[in-house]
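Student: Got a predicted structure here, sequence first:
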Amino acid sequence: MHLAYTAAAMEALPSDEDLMLRFSDGDAAAFDALYARHRGGVFRYLLRHCRNPATAEELFQDIWMNLVQARGRYRVQAKFTTYLYTLAHNRLMDHFRRTKGLELVSLDSEVDDPPELAASATAQPERATQSREQARRLIELVATLPAAQREVFLLHEEGGLGLEEIAAVTGANQEAVKSRLRYALAKLREGMKDYL
Amino acid sequence: MSADTPQDNGLHQLLVDTAELRRQYRATSQEEPPRQLDEAIRATARRAVRARPSDFRMGASWRIPASVAAVVVVSVTLAVMVGRHSPQPALESEQRAPEPGLGVGAPKDRAEDATPAYRVSKEKAGASPTRRAAPMGPKREEVPASHDVAEPAAVEEVGRPAAAESKSSARTGMELPVESARVAAPASPPAAAPPAAAVETNLVPVEPEAAAAKAKAEKAVPTQALARKRAQATSPETDSSATPWEKDPQAWLAQIENLRAMGHNQDAVVSFRAFRSRYPEYQLPAEFVVPKP
């Protein structure tokens, strides 16, 4: 659920941290708002990693359940997104550890059939086909990135985290994070040069 | 994102160069969790918020039964232990029954009617398990010989009555073996003679060899008395603290069977070990099931 907030509206809106604190105090509506903001990003972060919608849904539910259960212990020590994606990262690592990195990719999953890139309603059919092909190619390229580079790229794009926050989530140092992001972007640009 | 170093500048430039690519990615990446999953998670959060006040009650719900169970276990354990030791006063009263002048009242009456003679008798018999176990024995043997000799000598020298000696024993503890010697062999002249001689050794200079021999003989007296005392304590027939079934091997085995049947297997194991230490050679009946921990 991507909501288009104006700058003024964003300022009026409570921060993630405020919402989480309100939820800790028993405000269920605060959780709804928080969930609406981050549900998509977290889900796609998981989906790009494990490439299996069913597994992504299971992990997604676990992460939010963990957040609900840990609400009493929440303290504002960093950005909420850092906290949330740390939960997601840890749960994902736990999953990979249990499955020893062997994750079956669903052949008929929606990952293989991504939505086409935004095209105007009046666009030509050829353009729509090219846009769909371009979207598929981009998702495939992200999937083929090395896990560490994919992790940094997804935290940057889906979570909206900065380098320092990514370093905090992954436990890597900031220079390594920069390097991984640079490599990831370079590979994506190289892979998409025919479309750009 | 700061761009302080050349590396940062390079990354910054790359981010600018790939802005269109990243926009395309974000436009492509539109997957969302299913609505049912959304509802389930939101419902869970609402339930958790509503259930928050009852969390404590839920936490307490297992604490109360656990507390009750703990109390029951402790009570049963105490009851078993008390039950095991409760026949002791009755046994003492049985032993005391033939003595003249004490009557045939209940044990409680006798306790209230505790004459000095009764107290002395009780102390002499070593009724207290802690005293009967003679924990001072080995320590006593470690004490230098002069200690062993001098104390009984002093007692004999002033010629205190037996009751006074018992009180003194209870007070110091160090005199317990000597007292035990008297209890075990009340009419043993050698036990009394060497201490008297020991007093002399403390007061009058004597030949070194003769003094050493005397000291050796005197030291032997409490040691022998201690051995007799130990033998007496481990003999079920003479042990006043033994429960009725402990005097009868068959009754004891029946008691162990009862404990096992009641589910007190650990108690049965402990009791059986005690049985074996007391009756190491006793042939167990074929039908008897040895309790195992």
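Tutor: Received, thanks. Numbers count the residues shown, from 1 in each chain, chains lettered A, B, ... in the order given.
Student: drop to CA atoms for contacts and neighbour counts, all remaining ones
Tutor: Will do.
Student: roughly how far apart are residue B:248 and chain A?
Tutor: To chain A, residue B:248 is 63 Å away according to Cα to the nearest Cα, to the nearest Å.
Student: Tell me, how many residues neighbour residue B:262?
Tutor: Residues within reach of residue B:262, counting by other Cα atoms under 10 Å in any protein chain shown, total 10.
Student: ah, wrong one, I meant residue B:43
Tutor: Counted with other Cα under 10 Å, residue B:43 comes out at 14.
Student: Kindly indicate whether it is helix, strand or coil.
Tutor: Following DSSP: H, G, I helix; E, B strand; the rest coil, the label given to residue B:43 is helix.
Student: Let me know the pLDDT of it.
Tutor: Residue B:43 carries a pLDDT score of 92 in this model.
Student: Chain A versus that one, what's the distance?
Tutor: In terms of Cα to the nearest Cα, residue B:43 sits 9 Å off from chain A.
Student: Now do the same for residue A:161: helix, strand or coil?
Tutor: With three-state DSSP as the basis, residue A:161 sits in coil.
Student: what about the residue nearest to it when sequence neighbours are not counted, neighbour count?
Tutor: Counting by Cα to Cα, 6 or more residues apart in numbering or on different chains, residue A:161 lies nearest to residue A:155, which is 5.8 Å off, once chain neighbours are set aside. The burial count assigned to residue A:155 is 26, neighbours taken as other Cα under 10 Å.
Student: What distance do you get for residue A:155 to chain B?
Tutor: From residue A:155 to chain B the distance is 12 Å (Cα to the nearest Cα).
Student: Check whether that residue sits in a helix, strand or coil.
Tutor: For residue A:155, the assignment made with three-state DSSP gives helix.
Student: how about the strands in chain A?
Tutor: Remark: no strands are assigned in chain A by DSSP state E.
Student: how is it carved up into domains?
Tutor: Dividing chain A into domains by automatic domain parsing, as the record does, gives the ranges A:1-113, A:124-196.
Student: I'd like the distance from the longest one to the chain centre, please.
Tutor: Once both centres are worked out by Cα atoms, centre = their mean, to the nearest Å, domain A:1-113 turns out to sit 8 Å from its chain's centre.
Student: That one vs chain B: in contact?
Tutor: Yes. Judged by Cα under 8 Å from any Cα of the partner chain, domain A:1-113 comes into contact with chain B at A:1, A:23, A:26-28, A:31-32, A:39-40, A:43-44, A:57, A:61, A:64-65, A:68-69.
Student: quick one: average confidence on that domain?
Tutor: What domain A:1-113 shows for mean pLDDT is 81.
Student: Buried by neighbour count: which residues of the biggest helix by length in chain A qualify?
Tutor: For chain A, the helix with the greatest residue count under DSSP state H is helix A:28-50. Applying a neighbour-count criterion of 16 or more other Cα atoms under 10 Å in any protein chain shown, one finds A:28, A:30-32, A:34-35, A:38-50 buried in helix A:28-50.
Student: before we move on, what about stretch A:75-87?
Tutor: A:80, A:81, A:82, A:83, A:84, A:85, A:86, A:87.
Student: Show me the contact partners of it.
Tutor: For stretch A:75-87, contacts defined as Cα atoms under 8 Å, 6 or more residues apart in numbering or on different chains pick out A:16-17, A:20-21, A:42, A:63, A:66-67, A:155, A:159, A:161, A:165-166, A:168-170.
Student: And stretch A:164-178, by the same measure?
Tutor: So stretch A:164-178 is contacted by A:82, A:83, A:85, A:86, A:89, A:152, A:155, A:156, A:163, B:8, B:11 (Cα under 8 Å, 6+ apart).
Student: and if we set it to 7 Å?
Tutor: Around stretch A:164-178, the neighbours that count as contacts under Cα atoms under 7 Å, 6 or more residues apart in numbering or on different chains are A:82, A:85, A:86, A:152, A:155, A:163.
Student: ok, now stretch B:14-21?
Tutor: Stretch B:14-21 has contacts (Cα under 7 Å, 6+ apart) with residue A:189.
Student: tell me how far the ends of that stretch are from each other?
Tutor: Using Cα to Cα, to the nearest Å, the end-to-end distance of stretch B:14-21 comes to 11 Å.
Student: I'd like the average pLDDT over the longest helix along chain B.
Tutor: Longest helix in chain B, counting residues (DSSP H): helix B:52-85. Averaging pLDDT along helix B:52-85 gives 77.
Student: Any buried residues in it, and which?
Tutor: In helix B:52-85, no residue is buried by neighbour count (16+ other Cα under 10 Å).
Student: now check that helix, is it near chain A?
Tutor: No. Helix B:52-85 stays out of contact with chain A when judged by Cα under 7 Å from any Cα of the partner chain, the minimum separation being 7.9 Å.
Student: For chain B, which residues score under the pLDDT cut-off?
Tutor: Chain B contains residues with pLDDT under 70 at B:1-8, B:52-61, B:86-245.
Student: 50 - rerun?
Tutor: Residue ranges of chain B with pLDDT under 50: B:1-3, B:54-57, B:90, B:97-206, B:231, B:233-234, B:236-237.
Student: Now do the domain split for it, please.
Tutor: With automatic domain parsing as the reference, chain B has domains B:119-124+B:135-234, B:236-293.
Student: picking up where we left off before, ok, the contacts of stretch A:164-178 vs chain B, which is closest?
Tutor: residue A:163 (7.4 Å; Cα to the nearest Cα).
Student: Could you tell me which residues make contact with that closest one?
Tutor: A:174, A:177, A:178.
Student: so which of these is the most crowded?
Tutor: Result: residue A:177 is most packed of the contacts of residue A:163 (other Cα under 10 Å), 24 neighbours.
Student: Can you give me the pLDDT of that residue?
Tutor: Reading off the model, residue A:177 has pLDDT 92.
Student: With distance to residue B:34 as extra columns, can I get the contacts of residue A:163 in CSV?
Tutor: CSV is the format used below for the contacts of residue A:163 (distance: Cα to Cα, whole Å):
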residue, distance to residue B:34
A:174, 35
A:177, 32
A:178, 34
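Student: what helix or strand is residue B:286 on?
Tutor: Assessed by DSSP states H and E, residue B:286 sits outside every helix and strand.
Student: can you tell me how far it sits from residue B:253?
Tutor: Taken as Cα to Cα, the span from residue B:286 to residue B:253 is 12 Å.
Student: For the two, work out which one has more neighbours and name it.
Tutor: Using other Cα under 10 Å as the criterion, residue B:286 and residue B:253 rank with residue B:253 on top: 22 against 6.
Student: Quickly note the distance from that one to chain A.
Tutor: Note on residue B:253: its distance to chain A, by Cα to the nearest Cα, is 55 Å.
Student: what does chain B put close to chain A?
Tutor: Going by Cα under 7 Å from any Cα, the residues of chain B near chain A are B:1, B:11, B:18, B:24-25, B:27-28, B:31-33, B:41-42, B:45-46, B:49.
Student: Kindly recompute the last result at 6 Å.
Tutor: Residues of chain B found near chain A (Cα under 6 Å from any Cα of the partner chain) are B:11, B:27, B:28, B:32, B:46, B:49.
Student: And those, which of them are buried?
Tutor: Those of the residues of chain B next to chain A that meet the buried threshold are B:11, B:28, B:32, B:46, B:49, by 16+ other Cα under 10 Å.
Student: Quick one: mark the members of those residues that sit in helices.
Tutor: The members of those that map onto helices under DSSP H are B:11, B:28, B:46, B:49.
Student: Check the burial of the residue nearest to the first one when sequence neighbours are not counted by counting its neighbours.
Tutor: Meaning residue B:11. Once flanking residues are discounted, residue B:11 sits nearest to residue A:182: 5.9 Å by Cα to Cα, 6+ apart. As a burial measure, residue A:182 scores 23 neighbours (other Cα under 10 Å).
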